[in-house]
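In: structural data only, the sequence is not supplied:
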């Protein structure tokens, strides 16, 4: 039996979530691992930009907040810390972890860095096929800011087998964060595809942190979650044969049941018979769930097929400018005034020749489900809502045009319908990503121990 | 079974979650009770899900059935008007989309609905709105 918990499921996650997970695993007295998943599709490009400005930046900004509370208790309990919080700069992240260890009096900490995902040097993206989910999107312009292959669990497993207590990676496939420690512990053969699939499934269920334990789940009256302010992040108890139980620390909020596990099982899955990772193609169609006591679900039946010869690689490019501006209308006839404001904005943008891609929402009446043309908004009857917010969103390559369009929302203060208030405007340059399929040989992976100063 | 069909939101018998990868969206639809499984299969079709997203440019929906989990997984292509890279929508990831699917009205036998529907105010939710001339399948 091997215990592996989650300490973070995304870059903005709760910074105190790992504390009860480490305490719970430590109390069992047999060591284990805790994983931190903090990279999204655009994070690597943002990390590269940060690193260009400051060579010591480019790792997960919350790294000290995530690790400071748990580094010492984890090391003392033999719990390996594995994270992709190295992002675009694992070496700099290692220095941060070294400094935390020094301040906490943790001596001789063995920190390993996993590399090989950064393949920006020398690659010509024109030589490689675009990933099938993004074919048909317009080609990006300019040179990429970042190109990172999703690498597998091998360098993580090798680092832990060599004695690493902290493993710092960049763009590894999310489930590899869990598969690596499992392979290191059990010595699973990489060709034993059903076990590799089971370890990948452990990682898939843990990688989003709270999402398998009552986070992103509450629907009051339909699916209630106890103490959502203190959700216990998940822990997997994994057997050598690959069967495992998902649970969470004692005395925490949230819940683990078949509903929470099913929602996460299918999260971001496309063909359930072929969830492609660098280590295995996972088939979950025969996965079985069984209740195993309060907040415990037993999972079995993962099957593996060989992984494809290619790796997915995501490139980040400088994108267009996104501008957003909002204004509120409240009280009697608010919907009519909000719609009137939308009409005025359309006419003003036309008058000024601001030929930008654009969209208008009436937040509180219709926004998230509508399309850019506003078809649902145009068809919507006045339901009498009395607190609405008109939102203009525009995008384009010309920053000045985007800014000029937003200024038209501000001008509604004096020129628009009666009673408009609370204008906020915001502009940002976006990161555009596109994923490709590249040969494995382009991303040879390795680990190395960060030398203690 | 009295063979009276009523219409209720899918949300009363199933839950789900949406995820995105690029401009591709997936939405799971999971039965609260295994008895709802045949209803999901019959009522939550690729065509009906496509219709919920076609105004945003969706062109193709694939439905995967997972009978052991009493769950369906829908993969919807080009539903996000560019996705997180270029969408102008407040919800560029399409995370709210699961509840667009769960809002789908479905036809269900009234007795079965009484047995398996969840949520508050069930009595009024399951009262009325019969489908004229409908018969349970």
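Out: Right, received. Where do you want to start? Just so you know, these numbers come straight off a predicted model, no measurement behind them.

In: and the helices in the stretch 1-150 of chain A?
Out: In the stretch 1-150 of chain A, the helices defined using DSSP state H, counting those that start in this stretch lie at A:18-27, A:43-53, A:63-67, A:71-76, A:90-104.

In: which one of those helices lies closest to chain B?
Out: Shortest distance between chain B and those, using Cβ to the nearest Cβ, is found for helix A:43-53: 10.7 Å. No exception for glycine: its C-beta is placed from N, CA and C like everyone else's.

In: tell me the pLDDT at residue 48?
Out: Using chain A. Per-residue confidence at residue A:48 stands at 95 (pLDDT).

In: my question was about chain B, not that one.
Out: 98.

In: low-scoring stretches of chain B, by residue?
Out: B:1-2, B:128-137 (pLDDT under 70).

In: can you map out the strands along chain B?
Out: For chain B, applying DSSP state E gives strands covering B:5-9, B:14-15, B:18-21, B:24-31, B:60-66, B:71-77, B:105-109.

In: go through stretch B:26-38 and flag the buried ones.
Out: Neighbour-count burial for stretch B:26-38 flags B:26-32, B:36-37 (criterion: 16 or more other Cβ atoms under 10 Å in any protein chain shown).

In: out of those residues, who's near chain A?
Out: Restricting these to those within reach of chain A (Cβ under 8 Å from any Cβ of the partner chain) leaves B:26, B:28, B:30, B:32.

In: circling back: any idea which of the helices of the stretch 1-150 of chain A gets closest to residue A:375?
Out: Closest to residue A:375 of the helices of the stretch 1-150 of chain A, according to Cβ to Cβ: helix A:43-53, at 32.9 Å.

In: the closest residue to residue A:404 other than its chain neighbours: neighbour count?
Out: Sequence neighbours aside, residue A:354 is the residue nearest to residue A:404 in space, at 5.8 Å (criterion: Cβ to Cβ, 6 or more residues apart in numbering or on different chains). Counted by other Cβ atoms under 10 Å in any protein chain shown, the residues lying close to residue A:354 total 19.

In: let's test this: mean pLDDT of stretch A:437-450, rounded?
Out: 96.

In: that stretch close to chain B?
Out: No: on the criterion Cβ under 8 Å from any Cβ, stretch A:437-450 is out of touch with chain B, staying 13.3 Å away.

In: residue contacts, the residue nearest to residue A:404?
Out: For residue A:354, the contacting residues are A:394, A:401, A:404-405, A:408, by Cβ atoms under 8 Å, 6 or more residues apart in numbering or on different chains.

In: let's have the strands of chain B in JSON lines, adding distance to residue B:87.
Out: JSON lines is the format used below for the strands of chain B (distance: least, Cβ to Cβ, whole Å):
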{"stretch": "strand B:5-9", "distance to residue B:87": "26"}
{"stretch": "strand B:14-15", "distance to residue B:87": "25"}
{"stretch": "strand B:18-21", "distance to residue B:87": "10"}
{"stretch": "strand B:24-31", "distance to residue B:87": "11"}
{"stretch": "strand B:60-66", "distance to residue B:87": "19"}
{"stretch": "strand B:71-77", "distance to residue B:87": "14"}
{"stretch": "strand B:105-109", "distance to residue B:87": "27"}
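
In: now do the phi/psi pair for residue A:438.
Out: phi -120, psi 150 (degrees, to the nearest 10).

In: could you measure the closest residue to it other than its chain neighbours against residue A:437, distance?
Out: Nearest residue to residue A:438, sequence neighbours excluded (Cβ to Cβ, 6+ apart): residue A:313, at 4.7 Å. Look at residue A:313 and residue A:437: by Cβ to Cβ, to the nearest Å, they are 8 Å apart.

In: could you do residue A:276 as well?
Out: Distance, residue A:276 to residue A:437, using Cβ to Cβ: 10 Å.

In: before we move on, back to that, and the gap between the residue nearest to residue A:438 and chain B?
Out: Using Cβ to the nearest Cβ, to the nearest Å, residue A:313 is found at 13 Å from chain B.

In: quick one: the longest strand that chain A contains to helix A:43-53, angle?
Out: Counting by DSSP E, the longest strand found in chain A is strand A:310-330. Counting by axes from the mean of the first three to the mean of the last three Cα atoms, to 10 degrees, strand A:310-330 lies at 90 degrees to helix A:43-53.

In: which other helices and strands does the next helix or strand after strand A:310-330 contact?
Out: Counting by DSSP states H and E, the next helix or strand C-terminal to strand A:310-330 is helix A:334-351. With contacts taken as 3 or more Cβ pairs under 8 Å, 6 or more residues apart in numbering or on different chains; DSSP states H and E, helix A:334-351 sits against strand A:310-330, strand A:357-363, strand A:387-396, helix A:399-410, helix A:412-415.

In: stretch A:119-130 and chain B, are they touching?
Out: No: interface with chain B: stretch A:119-130 contributes nothing (Cβ under 8 Å from any Cβ), its closest point being 9.8 Å away.

In: where's residue A:432, which helix or strand?
Out: strand A:421-439.

In: next SSE downstream of that strand?
Out: strand A:446-449.

In: strands paired with that following strand, and their directions?
Out: Strand A:446-449 pairs in its sheet with strand A:111-115 (antiparallel), by DSSP bridges.

In: re the thing from before, confirm the residue nearest to residue A:404 sits in a helix?
Out: No: counting by DSSP: H, G, I helix; E, B strand; the rest coil, residue A:354 is not part of a helix but coil.

In: and it, how far from residue A:340?
Out: Taken as Cβ to Cβ, the span from residue A:354 to residue A:340 is 19 Å.

In: ok, now residue B:102?
Out: From residue B:102 to residue A:340 the distance is 33 Å (Cβ to Cβ).

In: on that earlier part again, now, which of the buried residues of stretch B:26-38 sits nearest chain A?
Out: residue B:28 (3.8 Å).

In: so what's that closest one closest to, chain neighbours aside?
Out: residue A:266 (3.8 Å).

In: where does that neighbour land on pLDDT?
Out: Reading off the model, residue A:266 has pLDDT 98.

In: touching, it and residue B:74? I think so.
Out: No: if you go by Cβ atoms under 8 Å, residue A:266 and residue B:74 don't touch, sitting 9.8 Å apart.

In: name the residues contacting each of the two.
Out: B:26, B:28.

In: leaving out the residues flanking it, which one is nearest to residue A:11?
Out: residue A:38 (4.5 Å).

In: kindly provide the distance from that neighbour to residue A:207.
Out: For residue A:38, the distance to residue A:207 - Cβ to Cβ - is 10 Å.

In: count the residues that sit near residue A:418.
Out: Neighbours of residue A:418 (other Cβ under 10 Å): 9.

In: identify the residues contacting it.
Out: residue A:337.

In: for it, give me phi and psi.
Out: Dihedral angles for residue A:418 - degrees, to the nearest 10 - are phi -70, psi 140.

In: re earlier: residue contacts, the residue nearest to residue B:28?
Out: Applying Cβ under 8 Å, 6+ apart, the residues near residue A:266 are A:272, B:17, B:26, B:28, B:30, B:66, B:69, B:71, B:73.

In: make it 10 Å
Out: Contacts for residue A:266 (Cβ atoms under 10 Å, 6 or more residues apart in numbering or on different chains) come out as A:204, A:272, A:284, B:16-17, B:19, B:26-30, B:64, B:66, B:69, B:71-74.

In: now a PyMOL select for only the buried ones of those residues.
Out: Selecting only the buried entries of these in PyMOL, with 16+ other Cβ under 10 Å as the criterion:
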select buried, (chain A and resi 204+272+284) or (chain B and resi 16+17+19+26+27+28+29+30+64+66+69+71+72+73+74)
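
In: in what helix or strand does the spatially closest residue to residue A:157 that is not a sequence neighbour lie?
Out: Once flanking residues are discounted, residue A:157 sits nearest to residue A:183: 4.0 Å by Cβ to Cβ, 6+ apart. Residue A:183 belongs to helix A:176-186 when assigned by DSSP H and E.

In: burial measure for the nearest residue to residue A:87 once chain neighbours are set aside, as a count.
Out: Among residues not flanking residue A:87 along the chain, residue A:47 sits closest, at 4.1 Å (Cβ to Cβ, 6+ apart). Residues lying near residue A:47 (other Cβ under 10 Å) number 27.
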